[in-house]
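A.B. asks: compute the structure for the input listed below.
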Amino acid sequence: MSDTLITIIAIALAAVLMFVFPLMTISDRTDDVAQLTVETATTEFVDTIRTTGKITKANYDQFLETITSTGNTYNVEMEVQVKDENLGKKVSQATSDKIGENVYYSIYTSQIEDELNGSKKAYYCKEGDIVSVSAKNTNQTVSQQLKNFFYTVTGNDAYTVAAEHAGIVTANGK
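C.D. replies: Next up, the predicted model:
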């Protein structure tokens with residue numbers, strides 16, 4: 001009886017070592033590839049905006065297509081901090097070229113998407129605006145599901161694939 005029990009335990013342990021751990025390793029590598037893809041796509045998207053001075057519908061759709069090709073769903077947040085040219089401050093040195101005196105107001109994802117889906121099909125920035133884009137996965141990856149099953153270390157709200165990039169626009173879009 002005890003030999004049979006030890007044999008069953010050995011077979012179960014061998015099955016775990018042969019199938020589960022390689023599956024976890026492969027799923028972790030898949031998350032690493034997805035992370036790299038999202039980081040690269042986010043950086044290229046922001047750098048394109050910075051150098052051209054505009055967010056076009058084609059560029060935005062290409063960015064979304066690239067990151068969703070990883071098999072995950074993402075929450076993409078964009079923010080453009082627009083440099084206010086009309087300061088309205090009454091100070092003795094009110095030039096917009098000086099550091100520390102610039103005033104910015106923010107335009108967010110929904111407002112930018114409204115512009116992209118409107119008649120212009122683009123959102124135009126000007127030199128000195130600050131653009132930031134972040135993307136975080138909203139679904140649970142296979143790696144997260146396996147870790148939840150075996151370790152219960154990640155919660156449902158945790159994300160494993162995320163990227164952020166920001167920069168100052170160097171060209172006028174119009």
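A.B. asks: T37 contacts T66, doesn't it?
C.D. replies: Yes - between T37 and T66 there is a contact under C-beta atoms under 8 Å: 7.0 Å. Where you see a C-beta, it was placed from the backbone N, CA and C, and this is true even at glycine.
A.B. asks: and the residue most central in space within the chain, what is it in contact with?
C.D. replies: Compute the mean C-alpha point of the chain, and by C-alpha atoms, centre = their mean the closest residue is A135, 1.8 Å away. By C-beta atoms under 8 Å, 6 or more residues apart in numbering, the residues touching A135 are 38, 41-42, 67, 74-77, 162-164.
A.B. asks: quick one, which of those residues are buried?
C.D. replies: Buried subset of the contacts of A135 (neighbour count, 16 or more other C-beta atoms under 10 Å): 38, 41-42, 67, 74, 76, 163.
A.B. asks: ok, these vs N148, which is closest?
C.D. replies: Y74 (20.0 Å; C-beta to C-beta).
A.B. asks: hmm, that closest one is touching K136, no?
C.D. replies: Yes - counting by C-beta under 8 Å, Y74 does reach K136; the two are 6.5 Å apart.
A.B. asks: mutual contacts of those two, please.
C.D. replies: V161.
A.B. asks: that older thread, can you check the pLDDT for the residue nearest to the centre of the chain?
C.D. replies: A135 is assigned a pLDDT of 96 by the prediction.
A.B. asks: columns distance to V103 and pLDDT on top of the contacts of A135, output as CSV?
C.D. replies: CSV is the format used below for the contacts of A135 (distance: C-beta to C-beta, whole Å; pLDDT from 0 to 100):
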residue, distance to V103, pLDDT
V38, 32, 97
A41, 32, 97
T42, 27, 97
I67, 33, 96
Y74, 32, 95
N75, 29, 95
V76, 27, 96
E77, 22, 96
A162, 30, 92
A163, 29, 95
E164, 24, 96
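A.B. asks: now these in CSV, with secondary structure?
C.D. replies: Below are the contacts of A135 laid out as CSV (DSSP: H, G, I helix; E, B strand; the rest coil):
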residue, secondary structure
V38, helix
A41, helix
T42, helix
I67, helix
Y74, strand
N75, strand
V76, strand
E77, strand
A162, strand
A163, strand
E164, strand
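A.B. asks: all helices for this protein, in order.
C.D. replies: Taking DSSP state H to define them, one finds helices in the chain at 2-15, 21-52, 57-68, 109-117, 142-150.
A.B. asks: got the angle for the fourth one vs helix 57-68?
C.D. replies: Right, helix 109-117. Angle, helix 109-117 to helix 57-68, by axes from the mean of the first three to the mean of the last three C-alpha atoms, to 10 degrees: 130 degrees.
A.B. asks: how far out from the middle of the chain is the lowest-mean-pLDDT helix or strand in the chain?
C.D. replies: Between all helices and strands in the chain, the lowest mean by mean pLDDT, DSSP states H and E belongs to helix 142-150, at a mean of 80. In terms of C-alpha atoms, centre = their mean, to the nearest Å, the centre of helix 142-150 is set 22 Å apart from its chain centre.
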